[in-house]
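A.B. asks: what follows is a predicted structure for the sequence shown.
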Amino acid sequence: MTTLYLLRHSKPLRVNNDNSNDSLQVKNEKSCLSQEGEKIAKEKLKDLKVDIVYSSNYVRAIQTAKYISEDINIIDELGERVYGINSWDELPEKYERKQFLDENLKIGYGESQKEVRERMTKAINKILDENKGKKIAIVSHATAISYYLKKYCDIKIENDKLIYRFNNNIILNGYFNYCETFKLDFEDNNLINIKNI
C-alpha cells in the first residue's frame, strides 16, 4: 500500500503588485505565505509523518511543504491551473464555476480542467511509481487538486457548494480550507480509498 497525502498550500499574503513588471503568471507563482499562513501550516502539519515530500514550484506551496520536511522535491506539473490572461480584469464572470462544469473551457493561453487533470495525473503516477510502499506528501493548489479528484470522485453542486463523494462517502462539503489534506491509499497505482484528514 502506498499512501499519498495531497494537500493545499496555506494562506498566502495579499500584496499589491500592480507596479511589478512580472506577468500575472509569475506574480501568482511568487505569492508567498502570510504570517497567518505560516501559523496555519505549522499547526496543521506538525504531526504529518511521511517518507518523502513533493511540492509545486509556487512559493506558497514550497513554504507550506517546509513544515513537513526540509527536503522537498519540486515538480512544476503539480502547479496551479494556468489562467492564460495578463490581468485579473480579463477573467470572465463566474469563470471558476464555468470551468469546473466544462472540462474543456479555457481562456487565452491558459489550461482547461482536462489539461490540468492530465498533467496532475501524469506527475502523481510517476511519483507513485518511484515511491511504492511509502508515505508521500504532495503540496499543491485547490483548483489543481480539485480537478485531479474529479477523476475519482462524484462531485455535485448543492446550495452553490461542491460536495465530493468517494464510494458514497462525503470527503469534502464546501470549499477547500488552507492546508486541506486528503489521504489517498493506492495499491499498485489503483486508488483504494480517499479520506479528508
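C.D. replies: That came in fine, so what should we check first? Predicted model only: the values in this text are computed from it and were never measured.

A.B. asks: hey, let's count contacts and neighbours off CA atoms from now on
C.D. replies: Will do.

A.B. asks: show me where this protein has helices.
C.D. replies: Assigned by DSSP state H, the chain shows helices spanning 24-30, 35-45, 59-65, 95-101, 113-130, 142-149.

A.B. asks: any idea how far residue 120 is from the residue nearest the centre of the chain?
C.D. replies: The centroid of the chain falls nearest to residue 141 when counting by CA atoms, centre = their mean (2.5 Å). Here the criterion is CA to CA, to the nearest Å. By it, residue 141 lies 11 Å from residue 120.

A.B. asks: buried stuff in the helix or strand of the chain with the lowest mean pLDDT?
C.D. replies: Ranking every helix and strand in the chain by mean pLDDT, DSSP states H and E puts helix 24-30 at the bottom, with a mean of 81. For helix 24-30, burial by neighbour count (16 or more other CA atoms under 10 Å) applies to 24, 25, 29.

A.B. asks: show me which of those residues is closest to residue 146.
C.D. replies: Distances from residue 146 to the buried residues of helix 24-30, taken as CA to CA, are shortest for residue 29 (18.6 Å).

A.B. asks: so that closest one is in contact with residue 58, correct?
C.D. replies: Yes: because the distance of 4.5 Å satisfies CA atoms under 8 Å, residue 29 is recorded as touching residue 58.

A.B. asks: can you name the residues in contact with the least confident helix or strand of the chain?
C.D. replies: By CA atoms under 8 Å, 6 or more residues apart in numbering, the surrounding residues in contact with helix 24-30 are 17, 57, 58, 59, 60, 82, 83, 84, 85, 86, 87, 88.

A.B. asks: by pLDDT, give me the weakest of these.
C.D. replies: Note: of the contacts of helix 24-30, the lowest pLDDT belongs to residue 17, at 71.

A.B. asks: quick one: contacts for it?
C.D. replies: residue 27.
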